[in-house]
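Trainee: got a predicted structure here, sequence first:
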Amino acid sequence: MAEENSKGLIHIYTGDGKGKTTAALGSAMRASGQGLRVAFIQFLKGEPCGEHVFVSKHHAFDMVQISVGNSFKKSKEQLGEEAQQTLAHAEQQILSGSYDLVVLDEVFVAIGRGLITVKQVLDLLDQKPKPVELILTGRKAPPEIVQRADLVTEMLMIKHPFTEGIQARRGIEY
């Protein structure tokens, strides 16, 4: 459990490099290992990944993915509805008192695609209870949200196998 008087910080993992979700998963695993209650909430990731299999086997923390199926084959309207539902669920979990750490994975992608707004996320940050630790991930974190964060890490792509035609690999990229 998080210490009663502790201040939960706001973390951002952003940038074009690989590792944003992986860093958030590492933080979730560490927190869970120390007895903290964790909710890992994913925006726009509808295909099952290795982390889903791990969490379902080991029940390390709660992982929520409202959007199901291939996000590239959905209309913007459907994606918008799913993103709004995911944001509403995230707000409920953050305010519930049930979690010490909440991750909003790919929230910046949802903003970048116009599915949710910067204002909605800033309003959520305003409501965050003091002890809740919050991690937000995704490319192109908006400056207004970066300004509000306590920790910002930018993943910089220097070299990536995708540029050489190597496809995503099971267990490594998903």
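Mentor: Alright, I've got the coordinates. Everything numeric in this text was worked out from a predicted model, so none of it was measured. Residues are numbered from 1 along each chain as shown.

Trainee: can we go C-alpha only for contacts and neighbour counts from here?
Mentor: Will do.

Trainee: so who does residue 47 touch?
Mentor: Taking C-alpha atoms under 8 Å, 6 or more residues apart in numbering as the criterion, residue 47 is in contact with 68, 69, 70.

Trainee: pLDDT below threshold where in the chain?
Mentor: 1-5 (pLDDT under 70).

Trainee: the strands in this structure, which residues?
Mentor: 10-14, 38-42, 62-65, 101-105, 133-137, 151-154 (DSSP state E).

Trainee: quick check, nearest of the contacts of residue 47 to residue 158?
Mentor: residue 70 (28.0 Å; C-alpha to C-alpha).

Trainee: residue closest to the middle of this protein?
Mentor: When C-alpha atoms, centre = their mean is applied to the chain, the residue found nearest the centroid is residue 105 (1.5 Å).

Trainee: surely that residue touches residue 22?
Mentor: No - using C-alpha atoms under 8 Å, residue 105 makes no contact with residue 22, being 10.0 Å away.

Trainee: quick one: distance of the helix ranked longest in the chain to the chain centre.
Mentor: Looking across the chain with DSSP state H, the single longest helix is helix 76-96. In terms of C-alpha atoms, centre = their mean, to the nearest Å, the centre of helix 76-96 is found 12 Å from the chain centre.

Trainee: and that helix with strand 133-137, angle?
Mentor: Counting by axes from the mean of the first three to the mean of the last three C-alpha atoms, to 10 degrees, helix 76-96 lies at 160 degrees to strand 133-137.

Trainee: show me what counts as buried in helix 76-96.
Mentor: Neighbour-count burial for helix 76-96, counted by 16 or more other C-alpha atoms under 10 Å, picks out 79, 80, 82, 83, 84, 86, 87, 90, 91, 93, 94.

Trainee: stretch 8-17 now?
Mentor: Buried-residue list, stretch 8-17, by 16+ other C-alpha under 10 Å: 8, 9, 10, 11, 12, 13, 14, 15.

Trainee: ok, of these, which one's closest to residue 34?
Mentor: Using C-alpha to C-alpha, the buried residues of stretch 8-17 come closest to residue 34 at residue 8, 15.3 Å.
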